[in-house]
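Participant: fold the following, please.
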Amino acid sequence: MTAPQPPTLKSQSTGPDGAAVEDGAALLDAVEAHHRRFNVFPSEAAYVAVVLWDAHTHLIDCFPSTPRIAFLSPEPGSGKTRALEIIETVTPRPILTTDVSPAALFRSVSDPEARPTVLFDEVDTTFGPKAAGNEDLRGLINSGHRRSGVVLRCVGDGGTQTVQRFPVYAALAMGGLGDLPDTIMSRSIIIRMRRRAPNEKVEPFRESTNGPEGHVLRKRLAVWADTVRAELQDATPEFPEGINDRPADVWEPLLAIAEAAGGHWPVRARAACVQLVTAAKANDKGSIGIRLLTDLRQIFNGADRMPSSVLVDQLNAMDDAPWADLDGKPLNARALARMLGDYVTADNEPIKPRTMKFNGVAAKGYLASDLTDGWVRYCPPLSQESVTAVTAVTAQVRPLFPVTDTGTVTGASVDPPPAIAAGGDRS
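Facilitator: Sure, this is the predicted structure:
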């Protein structure tokens, strides 16, 4: 069902002093044309999101949060830096950097009157698999997503130190290889960049000649922002169906700005919102724990219990899974128990292995009924296509665990009672 279209917020044709007011839709069109000259983005939705993000940097004080935008790709040479360079030409007080310390970042953004737009390139060197974690910087980036975000630091000498609050609310765009920490990804609009195909042409960008062209747009955005600032202070855009929680926080400023601009931008913004949020969910790998629960659901495939040894063997045999190489060694029963112990059963008890009989031999294993609550809460729903695929994958395994005519256990598999469906989430 298509969500009802929200009313478009109209800007005045003249300001209080009688001067003509910029046509917001035409201005955003011009910013988009500027990007299209030098950037090849992977979708129309990406152009819409980037243009609205550019505009929001001039208006972030109107909103309770500022979305991060992340240009990510699996390979270098995919246009991430160029995207940041074009954004630099149209956003207020840009700082383009490839390396920043937490202290330098919070001091750079702590002055609301001179708050920069931070453009953080090669962010994978800070948060990638070979980086040291940089928890302080990650926390700072997450705090700066909210207008109320601050960091606390002791200021002064010796015994005269006092605790001072530094505001860290600021617009941030990033570019890097691979993915970012989950907490940053959830606060970001993700643009999955690709290398240009031979038929995808762009103009060469030269800062000396093309930079000033962007600066003209920057000034026009700043002037237009002042004409709609009061209107946007209390803006509450209506979200497309299914957009809530963190995605709603991320997209609220962009949808509000699209409505203020008018023209075709409200419709395009809502379509882009749905497309990019859906794509982000599809690419969300989740935590290692959620991956474990999802893979266990596939292995159980309706069985009511399985031995730990069989689960470990089947997990380690998955070609596209991380289990055969966890910190340089394969998953074992002890690691499996430790990871599942972070989750609870429907009775709110930690999931743990039980001693059961399999083929008349006592062994440690797990009950599907203990895992079902975790499957329902954390795993993606099983579509009919997924059910068919899971059945095909496990058909080769199930003969190892025969089921008697009476349904009693003679191996690791029995006909499950109706309350235990595969995955526990079919209606």
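Participant: use CA for all of it now, contacts and neighbours both
Facilitator: Will do.
Participant: give me the mean pLDDT for the single longest helix found in the chain.
Facilitator: In the chain, with assignment by DSSP state H, the single longest helix is helix 207-233. Per-region confidence: helix 207-233 scores 96 on mean pLDDT.
Participant: and the contacts of whichever helix or strand comes after it?
Facilitator: Next in sequence after helix 207-233, counting helices and strands by DSSP states H and E, comes helix 245-261. Residues external to helix 245-261 that are found in contact with it (C-alpha atoms under 8 Å, 6 or more residues apart in numbering): 7-11, 23-25, 28, 49, 52-53, 55-56, 60, 63, 65-68, 186-189, 228, 231-232, 235-237, 239, 265-266, 269-270, 273, 277.
Participant: re the thing from before, what packs against the longest helix of the chain?
Facilitator: Applying 3 or more C-alpha pairs under 8 Å, 6 or more residues apart in numbering; DSSP states H and E, one finds that helix 207-233 contacts helix 24-38, helix 80-90, helix 245-261.
Participant: export the ones you listed to CSV and tack on mean neighbour count?
Facilitator: As requested, the helices and strands packed on helix 207-233 are exported to CSV (neighbours: other C-alpha atoms under 10 Å):
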stretch, mean neighbour count
helix 24-38, 18
helix 80-90, 23
helix 245-261, 23
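Participant: tabulate those (JSON lines), appending distance to Gly176 and mean pLDDT.
Facilitator: Formatted as JSON lines, the entries for these read as follows, by distance: least, C-alpha to C-alpha, whole Å; pLDDT from 0 to 100:
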{"stretch": "helix 24-38", "distance to Gly176": "19", "mean pLDDT": "97"}
{"stretch": "helix 80-90", "distance to Gly176": "7", "mean pLDDT": "97"}
{"stretch": "helix 245-261", "distance to Gly176": "20", "mean pLDDT": "95"}
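Participant: tell me the confidence at Pro16?
Facilitator: At Pro16, the predicted lDDT confidence score is 51.
Participant: actually, Val118.
Facilitator: 95.
Participant: assign it to helix, strand or coil.
Facilitator: strand (DSSP: H, G, I helix; E, B strand; the rest coil).
Participant: burial measure for it, as a count.
Facilitator: Under the neighbour criterion other C-alpha atoms under 10 Å, Val118 is assigned a count of 23.
Participant: show me what it is bridged to.
Facilitator: Legend: beta-bridge partners of Val118 under DSSP bridges are Ile95, Leu172.
Participant: and the residue nearest to Thr355 when sequence neighbours are not counted, what does it touch?
Facilitator: Nearest-residue entry for Thr355: Lys364, 4.5 Å, with adjacent residues in sequence omitted and distances by C-alpha to C-alpha, 6 or more residues apart in numbering. Listed by C-alpha under 8 Å, 6+ apart, the contact set of Lys364 reads 307-308, 353-356.
Participant: filter those residues down to the buried ones.
Facilitator: Applying 16 or more other C-alpha atoms under 10 Å to the contacts of Lys364, the neighbour count classes 307-308, 353, 356 as buried.
Participant: what two of those residues are the furthest from one another?
Facilitator: By the measure C-alpha to C-alpha, Ser308 and Met356 form the most distant pair in these, at 10.5 Å.
Participant: list residues touching both of the two?
Facilitator: Counting by C-alpha under 8 Å, 6+ apart, the residues touching both Ser308 and Met356 are 363-365.
Participant: where in the stretch 251-400 of the chain is pLDDT low?
Facilitator: Along the stretch 251-400 of the chain, segments meeting pLDDT under 70 span 284-286, 383-400.
Participant: swap in 90 and give it another go.
Facilitator: Across the stretch 251-400 of the chain, the stretches falling below the confidence threshold (pLDDT under 90) are 278-290, 302, 319-321, 326-328, 346, 348, 357-361, 377-400.
Participant: Ser208: neighbour count?
Facilitator: 8.
Participant: just Arg187 next, same as before
Facilitator: The tally of other residues near Arg187 (other C-alpha under 10 Å) stands at 23.
Participant: got the contact list for it?
Facilitator: For Arg187, the contacting residues are 67-68, 142, 145, 246-247, 250, taking C-alpha under 8 Å, 6+ apart as the criterion.
Participant: if we go to 10 Å?
Facilitator: Going by C-alpha atoms under 10 Å, 6 or more residues apart in numbering, Arg187 touches 65-70, 141-142, 145-146, 246-247, 249-251.
Participant: can you tell me which of those residues is nearest Ser287?
Facilitator: Here the nearest of the contacts of Arg187 to Ser287, counting by C-alpha to C-alpha, is Arg246; it sits at 17.0 Å.
Participant: for Asp295, what are phi and psi?
Facilitator: Per-residue torsions, Asp295: phi -70, psi -40 (degrees, to the nearest 10).
Participant: excluding chain neighbours, what is closest to it?
Facilitator: Of all residues beyond its chain neighbours, the one nearest Asp295 is Leu315 (7.3 Å), with distances taken as C-alpha to C-alpha, 6+ apart.
Participant: ok so the one you found is a helix residue?
Facilitator: Yes - read with three-state DSSP, Leu315 is one of the residues of a helix.
Participant: wait, isn't it in contact with Pro330?
Facilitator: Yes - in terms of C-alpha atoms under 10 Å, Leu315 counts as a neighbour of Pro330; the distance is 9.4 Å.
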